[in-house]
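A.B. asks: Okay, sequence plus prediction incoming.
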Amino acid sequence: MAAGLVTGSHARNEHDHVIHGMEDEQRPPTRESGNKTKICRVCGDEIGLKENGEVFAACHECGFPVCRPCYEYERSDGDQCCPQCHARYKRHKGCPRIEGDDEDNFDDDFEDEFQLRNHHDTSPDRRQRYWENGEYNHQHLHTNGAAHHSVAGSVVGGKEEGEEDDQKETYSTSEWKERVEKWKTRQEKRGLVTKLDDGGNDPGDEDDFLIAEARQPLWRKVPVPSSLVNPYRIVIVLRLVILCFFFHFRILAPAYDAFPLWIISVICEIWFGLSWILDQFPKWLPINRETYLDRLSLRYEREGEPNRLSPVDVFVSTVDPLKEPPIITANTVLSILAVDYPVEKVSCYVSDDGAAMLLFDTLSETAEFARRWVPFCKKYSVEPRAPEFYFSEKIDYLKDKVQHTFVKDRRAMKREYEEFKVKINALVAKAQKKPEEGWVMQDGTPWPGNNTRDHPGMIQVYLGSEGALDVEGKELPRLVYVSREKRPGYQHHKKAGAMNALVRVSAVLTNAPFMLNLDCDHYLNNSKALREGMCFLMDPHVAKKICYVQFPQRFDGIDRHDRYANRNVVFFDINMKGLDGIQGPVYVGTGCVFNRQALYGYDPPASAKRPKMTCDCWPRWCCCCCGGSRKAKSKKKGSSVKGLLDGIGTFSKKKKMQGKSYTRKSSAPVFDLEEIEEGLEGYDELEKSSLMSQKNFEKRFGQSPVFITSTLMEEGGLPEGTNPGSLIKEAIHVISCGYEEKTEWGKEIGWIYGSVTEDILTGFKMHCRGWRSIYCSPKRPAFKGSAPINLSDRLHQVLRWALGSVEIFLSRHCPLWYGYGGKLKWLQRLAYVNTIVYPFTSIALLAYCTLPAVCLLTGKFIVPTLNNFGSLWFIALFMSIIVTGVLELRWSGVSIEDWWRNEQFWVIGGVSAHLFAVFQGLLKVLAGVDTNFTVTAKAAEDTEFGELYMFKWTTLLIPPTTLIILNMVGVVAGVSDAINNGYTSWGPLFGKLFFSFWVIVHLYPFLKGLMGRQNRTPTIVVLWSVLLASIFSLVWVRIDPFLPKQTGPILKQCGVEC
């Protein structure tokens, strides 16, 4: 166990991990100039020989020199033609067949094709150099002015998983050895390997051969089949056309006898149409992604070499352990410590924003239990690695287990976990009543966080230091407790401020290039979740432009029917996949792996563009000729100044998007700011101003040279020569309450302030800078959490999300007017606009759900008598809505039950939580009034899903209850009126009844939640709802605005022919 809690300036020794990225890997030597062989005119590589010893000839017509890999790439992903004569390439023996090949060419059998499909005997060395640093050489893919670009993540002649072993087995021992010897010979000629003096066979040669042949993309994009998505797009366009004609009919055919109702209905329908467009078109390009974890291991975890996987810092945030059970937080931490990832590359930081001694003691017990739990998980490969959920799974836990000691060890571990739970329960019981003198630690010193609003910063390292080993003597991941300083008079910005404090602490102590953000109730359900994210963040093609990898949220403990759409399947399996095809999914607050450089506010690296054709026929200031563009001015610097600037990393300021963004250009060795100042002597004013611009880092990142130095290290790690004893002191400094003053934290750096939904705002700022995000949805869910299955809790959760959207709408970061000078794509902007305007739909939805009851009570209707032409547009619109939903479920795989639950809760949340969020947001932003809606628990049952039937009174329940009663009263009144008036009134009644039943059916889960298991509704809900409905009905009958007002005597026919 590590030393005691560190507060203030107490220093502590820490381990230094200097992680070198893939750029440290040395490139292979170039080919000797004396080699007289044919050279490929596409990539500049040597053209190999065929099996018969002849030089490989790709084109049978002109013999244009092209090597076999370029030939196969052109056939699989190119235009399948020769670059010189443009004749279609014919298939060579051993090459995979593609559509259009001649069927009469069967000179080789299928067995040879299977063996050589992805293993080219002629040039494996070329492929080894082609992938040596994990990246393609795009500059080589040019010929005769035509460029052939490979798609990042696509598999070119790709292997299937497990094919390497199958391929090895298809050859006999002699054939296999012969192939390996040929490969070794070619490697020796190119200086890639040295020949053994004893002439023996290195046992690692076969592995090297497989690695050289298996280096392929770590992931691939899987588009939705065109047979599924194309009809979906066609119906969307047709629905848009039908919607336009429908509005044309509705506007030109007013209901004069109910003109106010008609006006309200048309306005609501137009708003619903605009909302549908904002929600629908970002789903235009849905895609799926697949990862290849075996390739990640082959590339970065070679035997006999240092592990080159990138380090990851994991952040777990919590506020109040009495509301967020400590046993749940402990399970989340245990699942992180047992993750399938190199232990020296994982660090877990737990943020305690409530400065609770309960959580501090819980983590101490968790660290002790982890010494036994982590080796058990890794020995038997158990899933999930959160003990609470592993032991509660109702599955056959003996499946695929072959060790005879498993049952015994599992029983012992379950008993130890139960003892661990008892210890945590005792801590919780003790924490229920705080002593008058405050909490006291085990050593007798007062707990520094007794005053939760006025306490110093606290850091405690539990694991990851010397002596912190598991029961088998192996190292454990680092576990760090962090509670930032809080003082009266400072704005702390809730969760966003706590996350920014973790960013700075982790940068000082470990500085991993990637960070995983988890809520305290979201545990790792898949031990390979970090590897899933690294398949994208360590991909040499796209990694530099990825700001984060977002995983879908999955939940435990939800009832089978998911009454209140807690799983949110439609959003995570439809909307997010659609956004992944544009610029990436939105950040949802948890289950997200970040690129640290993106959080620092830097721009992604600019893509290299081909030079445009220019001419000298016009002056330089004219940009209209031949696509020429004005060249940017460049200034020459002295070699010594340039060397110093290269050392610290050159940054260029760019003013755009109403803020400042900085472009990353170098990540070479860094220097302290004091050294920069000392080196200013002897330079002219221009050079001095360039160097002094580095002082702006302090204004941007804060007064911490150690932290600023870490921001310059793009690949992460701690700089060489740092004093481990001073790191904790600096970490305490960066979590002080005044550190962020006069800096860009929360404005351009880290989690962005200004909304309770800081996740949407943070992701939006990154996308505006040009970053893209990735949506990773592995077969086994990466993370699982708990969701509020109770109606009141669920509504308050939705209220908080909607309130954050309203705050963003009323801020300067509103997507309607922010970031037009940036790199945000238009469909992505539509998606962000939809995320901040959807609460305002509640106003139109409330009015539209009230209209059926009004129509039934008054006998009026919002639509005049329909002719055949008008009925056609109503039928076409309803059919297009149904077909769109069916096709959407077809390509997404979402069940119709999940889709229907989502539709129902959209109405329930719209007329309750969203409505309150609009008014609460307006009061908060415009008037400065912060209104909170309290939730009070009344009763609960100690049964499975007992919380589902618990009732908690809240004002959010009044509007939907009133709507249900109004529509039921309207149905009774309408049917009674039809019975009294005869058969002629039944026809118009059906339209009104359908309208009213639509509202009641959508609100049915809400009504079921009010009734509970015993159909008992609280008196206060019935009282308020009946009162409001009665008042509304009586006032309406008294006013009766549709009754014509007459001032003279009322004249009626007497019924007798006079």
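C.D. replies: Perfect, I can see it now. Numbers count the residues shown, from 1 in each chain.
A.B. asks: where's residue 530 relative to residue 576, distance?
C.D. replies: Residue 530 sits at a distance of 20 Å from residue 576 (criterion: C-beta to C-beta, to the nearest Å). Placement of C-beta: from N, CA and C, glycine included.
A.B. asks: Same check on residue 442?
C.D. replies: For residue 442, the distance to residue 576 - C-beta to C-beta - is 46 Å.
A.B. asks: next one: residue 695
C.D. replies: 42 Å.
A.B. asks: And these two? Which one has more around it.
C.D. replies: Taking neighbours as other C-beta atoms under 10 Å, residue 695 and residue 576 compare with residue 576 leading, 25 against 12.
A.B. asks: Quick check: the more buried one touching residue 552?
C.D. replies: Yes: with contact defined as C-beta atoms under 8 Å, residue 576 counts as touching residue 552 (6.7 Å).
A.B. asks: ok, residue 864 - how many residues close by?
C.D. replies: Around residue 864 there are 14 residues (other C-beta under 10 Å).
A.B. asks: any idea what it is structurally, helix, strand or coil?
C.D. replies: Following DSSP: H, G, I helix; E, B strand; the rest coil, the label given to residue 864 is coil.
A.B. asks: And residue 990, by the same measure?
C.D. replies: helix.
A.B. asks: Tell me how far it lies from residue 385.
C.D. replies: Counting by C-beta to C-beta - residue 990 and residue 385 are separated by 58 Å.
A.B. asks: Could you check which of the two has the larger neighbour count?
C.D. replies: Applying other C-beta under 10 Å to residue 990 and residue 385 shows that residue 385 carries more neighbours, namely 26 against 11.
A.B. asks: helix or strand for the nearest residue to residue 438 once chain neighbours are set aside, which one?
C.D. replies: What sits nearest to residue 438 in space, not counting adjacent residues and going by C-beta to C-beta, 6 or more residues apart in numbering, is residue 450, at 3.7 Å. Assessed by DSSP states H and E, residue 450 sits outside every helix and strand.
A.B. asks: can you count the residues close to residue 450?
C.D. replies: 16.
A.B. asks: Mind listing what's buried along stretch 961-977?
C.D. replies: Across stretch 961-977, burial judged by 16 or more other C-beta atoms under 10 Å covers 961-971, 973-974.
A.B. asks: ok, those residues vs residue 737, which is closest?
C.D. replies: residue 961 (44.6 Å; C-beta to C-beta).
A.B. asks: Was I right to think that closest one contacts residue 967?
C.D. replies: No: using C-beta under 8 Å, residue 961 is not in contact with residue 967; the gap is 11.2 Å.
A.B. asks: Residue 732 versus residue 456, what's the distance?
C.D. replies: 8 Å.
A.B. asks: Who has more neighbours out of those two?
C.D. replies: Just comparing residue 456 and residue 732: by other C-beta under 10 Å the higher neighbour count belongs to residue 732, 25 against 19.
A.B. asks: From what I see, the more buried one and residue 457 are in contact.
C.D. replies: Yes: Residue 732 is within contact range of residue 457, at 5.1 Å (criterion: C-beta under 8 Å).
A.B. asks: so where do the strands sit in the stretch 151-300 of the chain?
C.D. replies: 219-223, 287-291 (DSSP state E, counting those that start in this stretch).
A.B. asks: strands paired with the last one, and their directions?
C.D. replies: Right, the one you point to is strand 287-291. strand 219-223 (antiparallel) (DSSP bridges).
A.B. asks: Now do the partner strand, average pLDDT.
C.D. replies: On average, the pLDDT along strand 219-223 is 88.
A.B. asks: ok, for residue 745, nearest residue in space, not its chain neighbours?
C.D. replies: Leaving aside its chain neighbours, residue 745 sits nearest to residue 500 (5.5 Å; criterion: C-beta to C-beta, 6+ apart).
A.B. asks: Quick check, that neighbour in contact with residue 751.
C.D. replies: Yes: here residue 500 reaches residue 751: they are 5.5 Å apart, a contact under C-beta under 8 Å.
A.B. asks: tell me which element residue 759 falls in.
C.D. replies: helix 758-768.
A.B. asks: now the buried residues of stretch 961-977 as CSV including secondary structure and pLDDT?
C.D. replies: Shown next, in CSV, are these (DSSP: H, G, I helix; E, B strand; the rest coil; pLDDT from 0 to 100):
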residue, secondary structure, pLDDT
961, helix, 87
962, helix, 88
963, helix, 89
964, helix, 87
965, helix, 87
966, helix, 87
967, helix, 86
968, helix, 84
969, helix, 85
970, helix, 84
971, helix, 82
973, helix, 81
974, helix, 80
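A.B. asks: wait, which of those residues is closest to residue 583?
C.D. replies: Of all the buried residues of stretch 961-977, residue 963 has the smallest distance to residue 583: 38.3 Å, by C-beta to C-beta.
A.B. asks: Who are the contact partners of that closest one?
C.D. replies: Residues near residue 963 by C-beta atoms under 8 Å, 6 or more residues apart in numbering: 846, 849, 850, 853, 911, 999, 1003.
A.B. asks: ok, now residue 351?
C.D. replies: 315, 316, 317, 318, 482, 483, 484, 498, 499, 501, 502 are the contacts of residue 351 under C-beta under 8 Å, 6+ apart.
A.B. asks: rerun at 6 Å
C.D. replies: 317, 482, 498, 502 (C-beta atoms under 6 Å, 6 or more residues apart in numbering).
A.B. asks: Any buried residues in the helix or strand containing the last one, and which?
C.D. replies: This points to residue 502. Residue 502 is part of helix 494-509, with elements assigned from DSSP H and E. Of the residues in helix 494-509, 495-509 count as buried by neighbour count, 16+ other C-beta under 10 Å.
A.B. asks: Pick the one among those closest to residue 464.
C.D. replies: When the buried residues of helix 494-509 are compared against residue 464 (criterion: C-beta to C-beta), the nearest one is residue 509, at 9.3 Å.
A.B. asks: Can you tell me how far that closest one is from residue 903?
C.D. replies: Distance, residue 509 to residue 903, using C-beta to C-beta: 48 Å.
A.B. asks: ok, now residue 450?
C.D. replies: Distance from residue 450 to residue 903, by C-beta to C-beta: 50 Å.
A.B. asks: quick one, phi/psi of residue 88?
C.D. replies: phi -70, psi 130 (degrees, to the nearest 10).
A.B. asks: Next: residue 81.
C.D. replies: Taking degrees, to the nearest 10 as the convention, residue 81 sits at phi -130, psi 160.
A.B. asks: And the helices in the stretch 251-400 of the chain?
C.D. replies: 259-280, 293-300, 326-337, 357-380, 387-391 (DSSP state H, counting those that start in this stretch).
A.B. asks: buried residues in stretch 886-894?
C.D. replies: Neighbour-count burial for stretch 886-894 [16+ other C-beta under 10 Å]: 887, 888, 889, 891, 892, 894.
A.B. asks: and which of the residues you listed is nearest residue 799?
C.D. replies: Within the buried residues of stretch 886-894, the smallest distance to residue 799 is 25.3 Å, found for residue 894 (C-beta to C-beta).
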